[in-house]
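# Here is my input; please provide its structure:
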Amino acid sequence: MTTTKLDLTGLKCPLPALKTRKALKALKPGDVLEVHCTDPLSVIDIPNLIRETGDRVEIAERAEQRIVFVIEKTSGLTAPGERNL
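As a prediction, the model looks like this:
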């Protein structure tokens, strides 16, 4: 398992979500992506992206000027009863 840090500070919507999606494609299941953002819309966009990909996300930090997401890459398979949109 490796952790990759992605600094997206200063970028505005939709760039944080697009760059996060691209970075996730390069990861293996079990790897962690730590994403640093300043765009307030990222608290909506990145969790929505993760719902689409089937990975796991938590907001590790949410301050006035910075949001940090910790995303765990999964196999992309959904649990029984769930579905990818």
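# Now do the helices in the chain.
With helices called from DSSP state H, the chain shows them at 15-25, 42-53.
# can you redo those helices as JSON lines with mean neighbour count?
Yep, even glycine has a C-beta here, placed from its N, CA and C like the rest. Shown next, in JSON lines, are those (neighbours: other C-beta atoms under 10 Å):
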{"stretch": "helix 15-25", "mean neighbour count": "17"}
{"stretch": "helix 42-53", "mean neighbour count": "17"}
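# would you list these in JSON lines and tack on mean pLDDT and distance to residue 67?
Converted to JSON lines, those look like this (pLDDT from 0 to 100; distance: least, C-beta to C-beta, whole Å):
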{"stretch": "helix 15-25", "mean pLDDT": "97", "distance to residue 67": "9"}
{"stretch": "helix 42-53", "mean pLDDT": "95", "distance to residue 67": "6"}
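# how about these, which one is nearest residue 59?
With C-beta to C-beta as the measure, helix 42-53 is the member of the helices of the chain nearest residue 59 (6.8 Å).
# still on that earlier bit, nearest to residue 34, of the helices of the chain?
helix 15-25 (10.2 Å).
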